[in-house]
Structure formats: C-alpha cells, structure tokens
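>>> No sequence on hand, only this structure:
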Ligand SMILES: Cc1cc2nc3c(=O)[nH]c(=O)nc-3n(C[C@H](O)[C@H](O)[C@H](O)COP(=O)(O)OP(=O)(O)OC[C@H]3O[C@@H](n4cnc5c(N)ncnc54)[C@H](O)[C@@H]3O)c2cc1C
C-alpha cells in the first residue's frame with residue numbers, strides 16, 4: 001500500500017508564546033517551529049499500515065526540517081510544495097494545492113493527516129482534500145486496519161466511537177489518542193540528513209492564482225485580537241473578614257443555586273405541513289443543519305437556532321432548519337416541533353433510508369444540492385465531531401469558505417480597498433491555541449458557512465409556525481461507499497452542557513482531592529468536570545474535559561479545584577455566571593477569572609466549603 005502523510009510545520013503553542021502585535025498581526029517570535037503534534041500520529045499510522053510512505057508538506061523552505069524528521073523515522077519519500085503563490089492560502093486554497101500534490105505523486109491508496117493543526121485548529125483541510133479527490137473520508141480516527149481493498153476505521157465521536165468501512169483510496173485524519181509516534185534512530189537521522197527532498201511549485205501541480213493564495217481564498221481574516229481575559233476582582237475567603245459562611249450567603253444572593261428557567265414548550269400554532277407539495281417561495285436565508293442524537297434534535301442544534309433568530313433579521317430573511325433522516329428511526333414531527341420552538345421559520349426535510357445514519361458523503365451531497373437550488377446566505381453547523389466532519393465537505397462541494405469552531409457570530413459591514421460589503425456574517429473563533437481571537441469573513445462566496453462550538457449560545461424559546469418543505473434526495477452509489485459497521489455512545493452521564501452547577505478538578509488534585517471534588521458535586525447537586533491536566537493524570541475521562549478541546553459550559557456556578565486557569569481551559573468556562581477558584585498558589589491565573597477565591601489546598605478547602613454549605617444551605621444534598 002502507498003500512503004501519503006500530510007505534515008504541517010506549526011509554531012509550538014503548547015506553552016504559549018504567541019501574541020498579537022499592536023498592528024493586529026501575529027507575533028510568533030517566541031514559538032519554535034515543530035511538526036504539528038497530531039500529524040505525528042498520522043505519520044505513525046502510515047508507517048504501520050503502508051509499504052511505502054511519502055511525507056508531504058506545504059510551506060516555506062524551513063518546512064524541510066519537518067520532512068527530514070519524517071524521513072528519520074521511516075518515510076521513504078518527501079515532497080515539499082513551496083511557492084510564493086501559495087502565501088496566504090486559507091483551508092480551501094490549501095486543500096486545492098494538497099489535492100493537486102497527491103495527484104502529482106500518483107498511485108496513492110491512502111492519505112493520512114492529523115485531526116487538526118495546533119495553530120489554526122480548523123480540522124478542515126483533510127475533509128476538503130478528500131472532497132477534491134472525490135475520495136471517502138474518516139476524521140478523528142484512533143485505530144485503522146486494512147481489510148483487503150478497504151480500511152476499517154475506528155472514529156472517535158462524542159461519548160464513544162463508530163467503526164467505518166471505507167473503500168480505498170481514502171483519506172483519514174488521526175487524533176492524538178491512537179498511534180503513539182516513534183522516535184528516530186541515529187542511522188535514521190543520518191539517512192534523513194543525506195536524503196533529497198523533492199520540491200514542487202504551483203505550476204508543477206497545475207494550480208494557479210485562481211486556486212491558491214490569498215486572493216483565491218474565500219475566507220478573509222478581518223482582525224486578530226488577544227483573547228479577552230476578564231479580571232473580575234476576585235474576592236478572597238479568609239481575607240478582610242470575609243468567611244466561608246459569607247461566601248455561601250453571597251452565592252445564594254447571586255442565584256448560584258437557582259434552577260435554570262425552563263424553555264417554553266408551546267409553539268405558535270401547528271406546523272404548516274407541505275410534505276409532498278411543490279416548493280413555494282419564502283425560503284429561509286439562514287440555515288442551521290440539524291444534528292440528531294438518538295432520533296431527536298441535539299441541544300447544540302437548538303442553541304444555533306436560538307442564535308439564528310437574532311441574526312436572520314439582520315441578514316434579511318428567516319431561519320431554516322435542515323433535517324436529514326430516515327423515517328424509521330426518527331420522530332419527524334417531534335423534530336419539526338423542536339426546531340419550531342427554537343425559531344425555525346422553515347424546516348427543510350430530507351428523508352431517505354440512506355440517511356438513517358450519519359455519513360459525510362450522502363449528507364454533504366443532499367445539503368449541497370439543496371443549497372445550490374435554494375441559495376441560502378448562511379449555513380451553520382454545530383462544531384461536533386459530525387459538524388466538523390460534514391461542513392468542510394459541504395463547503396468544498398459549494399466552493400465556498402468555512403470558519404471552524406466559532407465562539408461568536410454577528411452581522412456587520414466590512415470595508416476593504418474602497419469596497420464596502422454590507423450585512424456580512426462576522427465569525428469569531430479562537431486561534432493560536434486559544435491565544436488569539438480571529439474574526440473571519442467570507443465576503444464574496446456564498447453561502448457564508450461556519451461551525452459553532454456547542455454551549456456558546458444560550459438556548460431560548462422563539463416559537464414559530466414553520467413551513468415544512470421536502471428536499472430532493474438524489475444519491476449515487478459513490479455517495480454510499482462508506483459503511484457504518486457500528487456506533488457506540490454513552491453520552492448521558494458526562495454531558496456537561498446543560499448543567500447548572502459544575503465542579504471541576506485539575507492536576508492539583510491527587511486521588512484524595514478528586515474524591516473531595518466528587519463529594520462537593522454531590523453535596524451541591526452539580527456535575528463533575530475536569531481540566532486537561534486532570535484527564536492526563538487519569539483522574540477523569542475525556543468527555544469531562546472543559547476548554548478549547550473539550551466542552552464549553554456556562555453554568556450558574558463553576559468551582560475550579562486545583563486548576564491553574566490556562567487560556568485553553570478558560571475559553572470553556574469563562575462565561576459561567578459565578579466562578580469560585582480553589583488553588584494554593586495566590587498568583588494562579590484562575591483568580592483573574594474567578595469571582596471568589598480560596599487560597600488553600602484542595603484537601604482543606606473543599607471539606608470547609610461542604611460544611612459551610614450544610615450550614616448556609618441546609619436543604620442541599
Ligand atoms: C491546543 C491545546 C488545547 C488545549 N485544550 C485544553 C482544554 O480543552 N482544556 C484544558 O483544561 N486544557 C487544555 N489545554 C491544556 C492547558 O494549556 C493546560 O495545560 C491545562 O489546562 C492545565 O490543567 P490544570 O490547570 O489542571 O493543571 P496545571 O496547569 O498543572 O495546574 C494545576 C494547578 O493546581 C494547583 N495546585 C496543585 N496542587 C494543589 C493542591 N493540593 N490544592 C490546591 N491547588 C493545587 C497549582 O498551583 C496549579 O495552579 C490545551 C493545550 C493546548 C496546547
């Protein structure tokens with residue numbers, strides 16, 4: 001088998017070191033160039049599966065060091081795509097160049113890449129390359145086995161995994177939970193130092209200024225700002241006569257223990273069902289692609305619909321929910337009603353047996369066909385493992401840009417070189433390992449597309465009486481070539497998104513500390529979450545992680561126990577209404593975010609907090 005591995009050289013952002021200069025450009029000076037960590041797992045997968053491995057990178061001449069590192073661990077061939085025409089390429093343009101390079105290499109059975117890059121964190125290039133090559137894809141895989149002419153891929157999804165059978169050739173992105181990278185040997189290093197790296201330019205690949213580079217890129221970065229880190233003027237327990245009992249009184253006064261208001265259930269009238277009827281005018285301009293969990297609409301979809309109701313009037317049009325399903329497994333009426341309760345003016349319904357289980361290719365085909373026919377201005381997806389797998393494929397089919405994992409959306413005008421673009425969707429997303437907030441735009445291409453982090457927008461009732469409009473489903477055998485062999489999930493016990501109270505533990509907890517975190521959660525009636533430090537220490541599971549690569553939560557009360565407050569953790573919890581931090585380091589960054597602080601050992605502070613809760617809030621339990 002012949003495999004190509006896509007390797008990106010990125011600044012090492014794992015310990016910070018990247019900031020924004022006064023002119024809004026990125027200052028990478030302090031960050032060393034490294035091979036993107038997830039790509040190393042992809043390289044290891046290639047070395048284990050293939051007889052011949054070609055390392056492929058796109059970048060400046062310095063990216064040769066990444067390719068030499070790949071040769072040192074066993075890759076047989078290395079190709080660098082290097083051309084000034086490529087500068088400023090977004091993911092769409094990068095995918096054009098890389099797909100052309102894979103064709104140029106020729107006779108490839110498998111392309112592997114990391115699930116996402118440390119700097120951009122979009123995860124879009126892999127699926128976009130797959131679409132350009134018209135190959136099947138599997139993203140975020142942790143194990144792969146070759147089975148005759150196909151590949152069995154185990155793909156990580158929320159709360160579990162799915163197993164897919166993909167015919168080769170195929171593209172697979174690999175996460176950081178499988179294929180532990182190997183180290184180079186001394187002979188390997190010597191061989192790599194002497195090896196010839198093949199350099200190819202845009203002309204060799206048959207791509208030009210219409211395909212690659214800044215001008216060809218549909219997305220533009222309007223501005224970069226340092227991630228805001230609010231300093232909330234933390235009030236410390238045991239200082240200035242403020243004790244544990246005062247803390248409990250303050251928490252009660254701030255409503256930290258109140259129940260969340262229920263979302264109104266009533267719909268204004270029943271939906272107007274036009275199933276089977278011809279399509280009428282009055283299409284929605286902003287679409288939310290619905291995601292299903294256990295046959296009902298996922299909460300992240302409803303959050304997006306809630307937000308869409310405030311955006312759509314500014315864009316001049318209504319909100320559409322796009323529901324893809326098979327009749328057998330889904331209560332279609334319940335899904336329509338749920339969409340209607342949260343603001344859908346139109347529910348676009350695609351029903352076919354082939355849509356029973358999510359697969360990127362048929363879903364992308366149906367959504368893209370509908371978008372071509374009905375021309376929505378904006379299409380949004382929740383940035384779940386499904387949304388991040390699907391949206392790049394749809395964007396590639398439509399030839400438009402996509403902003404990944406956004407944390408805010410707003411509508412505004414934008415002027416550039418004397419041209420003013422009105423009513424543009426501004427898509428705000430963390431970049432550079434969360435150190436920077438980038439505002440992305442898609443000024444010319446349509447639809448404007450984004451994936452949005454679950455949990456960043458509030459769930460609100462906005463009852464509508466929607467029209468239900470059927471969508472055509474025309475699929476070819478090529479759209480159905482991936483087979484879902486198995487899907488296993490158990491998300492319920494660690495779903496943090498609708499928790500009113502979250503008690504989170506970090507690397508500052510040992511096992512005894514972790515038991516205290518759990519005891520505090522059961523005393524208050526909260527759910528237990530974790531920092532990545534705690535997950536890496538084996539105290540918690542991945543689904544409990546809060547932060548940039550975990551869940552985003554906005555509970556009424558968040559208690560951070562032994563958590564330092566790294567930026568990547570903060571982005572997942574800083575919107576919590578009340579934050580208490582327990583950390584023995586008085587200078588810990590978490591105290592800048594916290595409303596209340598307890599400078600103490602977790603093992604001392606948590607029992608005192610539980611006791612104070614018992615006194616001040618006797619009904620807790
Ligand atoms: C691309 C990228 C994505 C990331 N995504 C995430 C993410 O989604 N979520 C996330 O959390 N991190 C993420 N990280 C990692 C993040 O940068 C931090 O490394 C991580 O949050 C640290 O976890 P921590 O605060 O538990 O551990 P540490 O930073 O080690 O902090 C432990 C804290 O506990 C305190 N402490 C120690 N012992 C005690 C004690 N007995 N009592 C009280 N306090 C004590 C210490 O003073 C210290 O402040 C990401 C990093 C990168 C590069």
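Nice, I can see it. As the structure is a prediction and not an experimental result, all values here were calculated from the model.
>>> how about the residues of the protein that lie near the ligand?
13-14, 118, 433, 506-508, 513, 531-534, 545-550, 562-564, 566, 568-569, 572, 582-585, 588, 601-602 (Cβ under 6 Å from any ligand atom). Glycine gets a C-beta too; all of them are placed from N, C-alpha and C.
>>> are any of those residues buried, and which?
For the residues of the chain next to the ligand, a burial check counting by 16 or more other Cβ atoms under 10 Å picks out 13, 118, 433, 506-508, 513, 531-534, 545-550, 562-564, 566, 568-569, 572, 582-583, 588, 602.
>>> now, which of those lie within strands?
Those of those mapping onto strands are residue 582, per DSSP state E.
>>> And the pLDDT for the residue lying closest to residue 577 once chain neighbours are set aside?
Closest residue in space to residue 577, ignoring its immediate chain neighbours: residue 556 at 4.8 Å, by Cβ to Cβ, 6 or more residues apart in numbering. At residue 556, the model reports a pLDDT of 93.
>>> Distance-wise, check residue 556 relative to residue 575.
11 Å (Cβ to Cβ, to the nearest Å).
>>> Looking at these two, which is more packed in?
For the pair residue 556 and residue 575, the greater number of neighbours falls to residue 556 (20 against 16), based on other Cβ atoms under 10 Å.
>>> Might one say that residue 536 is in contact with residue 506?
No: here residue 536 does not reach residue 506: they are 10.3 Å apart, not a contact under Cβ atoms under 8 Å.
>>> which residues sit in contact with the residue nearest to residue 577?
255, 256, 257, 258, 260, 500, 501, 576, 577, 578 (Cβ atoms under 8 Å, 6 or more residues apart in numbering).
>>> give me phi/psi at it?
phi -70, psi -30 (degrees, to the nearest 10).
>>> again with residue 436
Torsion angles, degrees, to the nearest 10, at residue 436: phi -140, psi 140.
>>> Same check on residue 587?
phi -100, psi 10.
>>> Looking at the chain, which residue reaches furthest from the middle?
What lies farthest from the middle of the chain is residue 241; by Cα atoms, centre = their mean that is 44.2 Å.
>>> OK, contacts around residue 128?
Taking Cβ under 8 Å, 6+ apart as the test, what residue 128 contacts is 91, 92, 94, 95, 99, 392, 393, 395, 396.
>>> can you list the residues you listed in JSON lines and add secondary structure?
Shown next, in JSON lines, are the contacts of residue 128 (DSSP: H, G, I helix; E, B strand; the rest coil):
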{"residue": "91", "secondary structure": "helix"}
{"residue": "92", "secondary structure": "helix"}
{"residue": "94", "secondary structure": "helix"}
{"residue": "95", "secondary structure": "helix"}
{"residue": "99", "secondary structure": "helix"}
{"residue": "392", "secondary structure": "helix"}
{"residue": "393", "secondary structure": "helix"}
{"residue": "395", "secondary structure": "helix"}
{"residue": "396", "secondary structure": "helix"}
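>>> so can I have TSV of these showing pLDDT and distance to residue 35?
Listed next are these as TSV, based on pLDDT from 0 to 100; distance: Cβ to Cβ, whole Å:
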residue	pLDDT	distance to residue 35
91	95	19
92	96	23
94	97	17
95	98	20
99	98	21
392	98	22
393	98	26
395	97	26
396	97	25
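>>> between those residues, which is closest to residue 484?
Closest approach between the contacts of residue 128 and residue 484, by Cβ to Cβ: residue 393, at 16.0 Å.
>>> before we move on, what SS does the nearest residue to the closest one once chain neighbours are set aside have?
Nearest residue to residue 393 in three dimensions, chain neighbours excluded: residue 364, at 3.9 Å (Cβ to Cβ, 6+ apart). Three-state call for residue 364 (three-state DSSP): helix.
>>> Residue 364 contacts residue 390, doesn't it?
Yes: using Cβ under 8 Å, residue 364 makes contact with residue 390 at a distance of 5.9 Å.
>>> Just want the residue of the stretch 201-350 of the chain that's nearest the ligand.
residue 227 (12.5 Å; Cβ to the nearest ligand atom).
>>> residues near the residue lying closest to that residue once chain neighbours are set aside, how many?
Nearest-residue entry for residue 227: residue 437, 5.4 Å, with adjacent residues in sequence omitted and distances by Cβ to Cβ, 6+ apart. Neighbour count for residue 437, taken as other Cβ under 10 Å: 20.
>>> Now the closest residue to the ligand within the stretch 51-200 of the chain, what are its backbone angles?
Residue nearest to the ligand within the stretch 51-200 of the chain: residue 118 (5.5 Å; Cβ to the nearest ligand atom). The phi/psi pair for residue 118 (degrees, to the nearest 10) reads phi -60, psi -40.
>>> repeat for residue 410
Geometry field for residue 410 lists phi and psi as phi -150, psi 160, criterion degrees, to the nearest 10.
>>> ditto for residue 550
Torsion angles, degrees, to the nearest 10, at residue 550: phi -130, psi -150.
>>> quick one: it from residue 543, how far?
Using Cβ to Cβ, we find residue 550 at a distance of 8 Å from residue 543.
>>> Next: residue 536.
14 Å.
>>> Next: residue 574.
20 Å.
>>> Could you do residue 81 as well?
37 Å.
>>> More neighbours: those two, which one.
residue 81 (25 against 20).
>>> List the beta-bridge partners for that one.
The residues listed as beta-bridge partners of residue 81 by DSSP bridges are residue 58, residue 200.
>>> Would you confirm that it contacts residue 198?
No: checked against Cβ under 8 Å, the pair residue 81 and residue 198 is beyond contact range at 9.7 Å.
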